[in-house]
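# Give the three-dimensional model of this entry:
(2 chains)
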Protein chains: 2
Amino acid sequence: MNQNKEIPYKIFLEENEMPKQWYNVRADMKTKPAPLLNPSTLKPMTAEELSVVFCDELVAQELNNDNAYLDIPQEILDFYKMYRPSPLVRAYCLEKKLDTPAKIYYKFEGNNTSGSHKLNSAIAQAYYAKKQGLKGVTTETGAGQWGTALSMACAYLELDCKVYMVKCSYEQKPFRREVMRTYGASVTPSPSDTTKIGRKILADHPNTTGSLGCAISEAVEVAVGSEGYRYVLGSVLNQVLLHQSIIGLEAKAALDKYDIKPDLIIGCAGGGSNLGGLISPFMGEKLRGEKDYRFIAVEPASCPSLTRGKFVYDFCDTGMVTPLAKMYTLGSNFIPSPNHSGGLRYHGMSSVLSQLYHDGYMEAISVEQTSVFEAAEMFAKVEGILPAPESSHAIRAAIDEALKCKETGEEKTILFGLTGTGYFDMVAYEKYNNGEMSDYIPTDEDLAVGFAGIPKFEGNEI
Amino acid sequence: MNQNKEIPYKIFLEENEMPKQWYNVRADMKTKPAPLLNPSTLKPMTAEELSVVFCDELVAQELNNDNAYLDIPQEILDFYKMYRPSPLVRAYCLEKKLDTPAKIYYKFEGNNTSGSHKLNSAIAQAYYAKKQGLKGVTTETGAGQWGTALSMACAYLELDCKVYMVKCSYEQKPFRREVMRTYGASVTPSPSDTTKIGRKILADHPNTTGSLGCAISEAVEVAVGSEGYRYVLGSVLNQVLLHQSIIGLEAKAALDKYDIKPDLIIGCAGGGSNLGGLISPFMGEKLRGEKDYRFIAVEPASCPSLTRGKFVYDFCDTGMVTPLAKMYTLGSNFIPSPNHSGGLRYHGMSSVLSQLYHDGYMEAISVEQTSVFEAAEMFAKVEGILPAPESSHAIRAAIDEALKCKETGEEKTILFGLTGTGYFDMVAYEKYNNGEMSDYIPTDEDLAVGFAGIPKFEGNEI
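Numbers count the residues shown, from 1 in each chain, chains lettered A, B, ... in the order given. Next up is the predicted model:
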């Protein structure tokens, strides 16, 4: 409708243009993501079983493969209004710097204190916990974005919040801890001696720097063992992708206002929360055969679950206390090499995204971290936003695609997800600034160690 | 025009609604701010004299007391489009928390990587330096917001940037330094042995933690002594208030869309850059007798230039290398007590604001830092933004005014400036979280030490 209008630097939606429903991509998938399995019976987890760990309404969302649209409760819409809609930015300055005919857009989710898109699901999960009359929630955090987001949501709703933070991040990012504490959360470095599984992991691996898998085990143990608590998770789960669909819905609404159709949609992928949210409504159109898009998941070469993992059932945590999920996985005891900076360190990948990738609807690539920080620095200088290392994986890929367009002369439209800011990642930037950053690509032998931990049962051969 | 429309959480301007001119409040002042004086002749500084230190076009702006509106160059407008307009937020959640009939709005300037409003003037000053064909600029930074902003602007324009950072901030905020380095700036803790004045200050006060006044002296010395460099400053100067008028102009345009007239406009005040920018267009209406507003400057009790300083000519720096400015000052060798966290540590105050305050157009109050962090924490929890300590001074005052409305039942409309985010101030937040933050109000004896350094000449008695 605005076809002849000049595209502004930032396309904002008015409050009344904001989506009022989440979009559930599972409803349009021919092959649904495989159900979570109970590891002791190998039968699909029932709602009752799941409700020991998760809030009831979130369990319902987790299992809902049928409804394409779910209403966003008014309380959540009100919270969204405080920091959303997030801007959809035309990267004019980056295009100019690259001298590319490509048109680059990014959906910037970093303009809130959690510094990332994680708040979109944190407020939803905290809301349902509050609605159920719970006292509080437990969770894990890696880079710290999810923990911060959940602390903010819990402070807003006056819920207790216990965060298990991967030990190496806890030590590298003391200020993340203080933000969470300012929002009233308790933050424990993981593995810790506050849980049975933590004590076991510490006994077996006294020098471990921790992993998301360990921290999940601890947080689940505490939730299950505490009256009035449930566990919440910032990625991987179907419900998280549902909440994060707000990113893609807003992006699509903004692009539609100017009749812009992206050829290529790029997102970084750790557990899949941002990528899944960003691509959902576009993927829906592709699944329904209405429009075609290319989707590219970008993961770190040091934690390559999609590009080098196995598509099998695996535990979601290191302590093997969670259900089994069918996903691309590096094995639940896989821990990225210590030189890996930032997030995107989860051993698995959302079952939804794993299935879509397996079925050929999406591509995946991996990139090395020095090239990621190179892209981050260039982006920061021309676009004025210091990106999170995670988001910079998508920047790297977007720049590479734009440079290909420069060679071919194609005027492709590229959309990527800029999930967050790097203000709490300055230790990593300092390494990069000092020329001390290194890359590490796991060898096949490294990966074999992780794969060996994948549970073996009939039909689950790797 | 939108009188009956519901006020959204955030009022954004469209790109074509953004101001295209800065507003120069001096044009509407009956008593103009006193001119800068050459300390050796006590005569007003000429453009020629000033151009040794400042870029030519900025000198012209500094001396321009006549033109109410100045066109913003297209290149600066384009840069503004990357991170502006900044949102004008209705603080619905804070109002609810306070249970006040007051209507609270804030203009949020923290949604850019510099973390504050400082970028508005940084890009302008860097632009004029580039246009003059200079190699680079030098500056000082205290809390680090200005240095970060200038680094960003210089990276964008490919100018060299040398930052002298107050030593205690340099040590408390290593990550600020890394952000500036990521943008290609060199950062030196001040006082340093790289300048004559730095070496002298170090010899006289070997244990000094530095001050803005020292850092200014060093940056000016380097600019004057280096071919192709000029000095730039993030606050205090007339030109800075001019550039920062973009804050007030946008705020006013957004409020006007909904026919909202603030009764009370509140801003934190260090050197005056944010406060001056925010209030400018409203003050213009008051000066022209068109509308009345109350303006409140909020300063830290530990650095009370307006509320306890002298309105006299003083040096802008500790090393006494700058011109003399007529302003409310604590004396150019005043250094806030070491327990003072965050910015707002300058010994003086913008000549424009000083004159307006002196003439009764504006009020000023001072607040203590533990009460400021209390307000910051409450605000963070309900409004979802972790504020900079500086900005939190304005939050404190806005909350106090809203609570007065609760007592009286008045439905006042309060607008305050939320200048930035606190992501690099977590050392201070940690102190607060641990109950280790203290207050310090300088005694009259403390202040007498600073006053003793004010130059004495006829007509400049304190």
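# switch to C-alpha atoms for all contacts and neighbour counts from now on
Fine.
# who in the stretch 301-450 of chain A is up against chain B?
Neighbours of chain B within the stretch 301-450 of chain A, by C-alpha under 8 Å from any C-alpha of the partner chain: A:377, A:380-386, A:423-424, A:426-427, A:429-430, A:433.
# Now the buried members of those residues.
A:377, A:380-386, A:423-424, A:426-427, A:429-430, A:433 (16 or more other C-alpha atoms under 10 Å in any protein chain shown).
# Surely A:R177 touches A:P189?
No - between A:R177 and A:P189 there is no contact under C-alpha atoms under 8 Å: 9.7 Å.
# can you give me the strands for the stretch 101-250 of chain A?
A:103-108, A:136-141, A:160-166, A:186-190, A:229-231 (DSSP state E, counting those that start in this stretch).
# State the mean pLDDT of stretch A:362-369.
The average pLDDT within stretch A:362-369 is 97.
# where are the low-confidence patches of chain A?
Scanning chain A for pLDDT under 70 picks out A:1-4.
# Looking at A:R177 and A:P189, which is more packed in?
Shown here are A:R177 and A:P189; by other C-alpha atoms under 10 Å in any protein chain shown, A:R177 has more neighbours (25 against 22).
# and that one, what does it touch?
Shown in contact with A:R177 (C-alpha atoms under 8 Å, 6 or more residues apart in numbering or on different chains): A:G144, A:Y170, A:V187.
# Which strand residues bridge the nearest residue to the last one once chain neighbours are set aside?
The spatial neighbour of A:V187 that comes closest, neighbours along the chain excluded (C-alpha to C-alpha, 6 or more residues apart in numbering or on different chains), is A:V163 at 4.8 Å. Under DSSP bridges, the beta-bridge partners of A:V163 are A:T139, A:V187.
# A:V163 and chain B, how far apart?
17 Å (C-alpha to the nearest C-alpha, to the nearest Å).
# What count of nearby residues applies to the single nearest residue of the stretch 1-150 of chain A relative to chain B?
At 5.3 Å from chain B, A:T113 is the closest residue in the stretch 1-150 of chain A, using C-alpha to the nearest C-alpha. The number of residues packed around A:T113, counting by other C-alpha under 10 Å, is 23.
# same question, A:D204
By other C-alpha under 10 Å, neighbour count at A:D204 equals 10.
# so how far is A:L386 from it?
To A:L386, A:D204 is 39 Å away according to C-alpha to C-alpha, to the nearest Å.
# And for A:I395?
Per C-alpha to C-alpha, A:I395 is found 12 Å from A:L386.
# Need the distance between the two termini of stretch A:338-345.
For stretch A:338-345, the first and last residues are 11 Å from each other (C-alpha to C-alpha).
# buried stuff in that stretch?
In terms of neighbour count (16+ other C-alpha under 10 Å), stretch A:338-345 has its buried residues at A:H340, A:S341, A:G342, A:G343, A:L344, A:R345.
# mind checking how far it is from the chain centre?
14 Å (C-alpha atoms, centre = their mean, to the nearest Å).
# what's that stretch in contact with?
In contact with stretch A:338-345 (C-alpha under 8 Å, 6+ apart) are residues A:142-143, A:211-212, A:269-271, A:299-300, A:302-303, A:335-336, A:369, A:388-390, A:425, A:428, A:437-440.
# Spell out which residues of the stretch 101-250 of chain A are next to chain B.
Contact residues (C-alpha under 8 Å from any C-alpha) of the stretch 101-250 of chain A with chain B: A:N111, A:N112, A:T113, A:M152, A:A155, A:Y156, A:F175, A:E178, A:V179, A:R181, A:T182, A:Y183.
# out of the residues you listed, which is most surrounded?
A:M152 (34 neighbours).
# which ones are touching that residue?
Contacts of A:M152 (C-alpha under 8 Å, 6+ apart): A:S114, A:L119, A:M180, A:Y183, B:K381, B:G384.
# Looking at those residues, spot the one nearest B:Q21.
When these are ranked by distance to B:Q21 (C-alpha to C-alpha), B:G384 comes first, at 32.1 Å.
# close enough to count as contact, that closest one and A:R84?
No - the pair B:G384 / A:R84 is not scored as a contact, 11.6 Å apart, by C-alpha under 8 Å.
# What values do phi and psi take at the residue sitting nearest the centre point of chain A?
Geometric centre of chain A, nearest residue: A:S273, 3.1 Å, by C-alpha atoms, centre = their mean. Note on A:S273: its backbone torsions stand at phi -60, psi -50 [degrees, to the nearest 10].
# Distance of it relative to chain B?
On the measure of C-alpha to the nearest C-alpha, A:S273 and chain B end up 21 Å apart.
# which of the residues in stretch A:290-297 are buried?
For stretch A:290-297, using 16+ other C-alpha under 10 Å, the buried residues are A:D292, A:Y293, A:R294, A:F295, A:I296, A:A297.
# quick one: contacts for A:K167?
Contact analysis of A:K167 by C-alpha under 8 Å, 6+ apart lists A:P189, A:S190, A:P191, A:T209, A:G210, A:S211.
# Which single one of the residues you listed is nearest to chain B?
For the contacts of A:K167, with chain B as the reference and C-alpha to the nearest C-alpha as the criterion, the closest is A:P189, at 16.9 Å.
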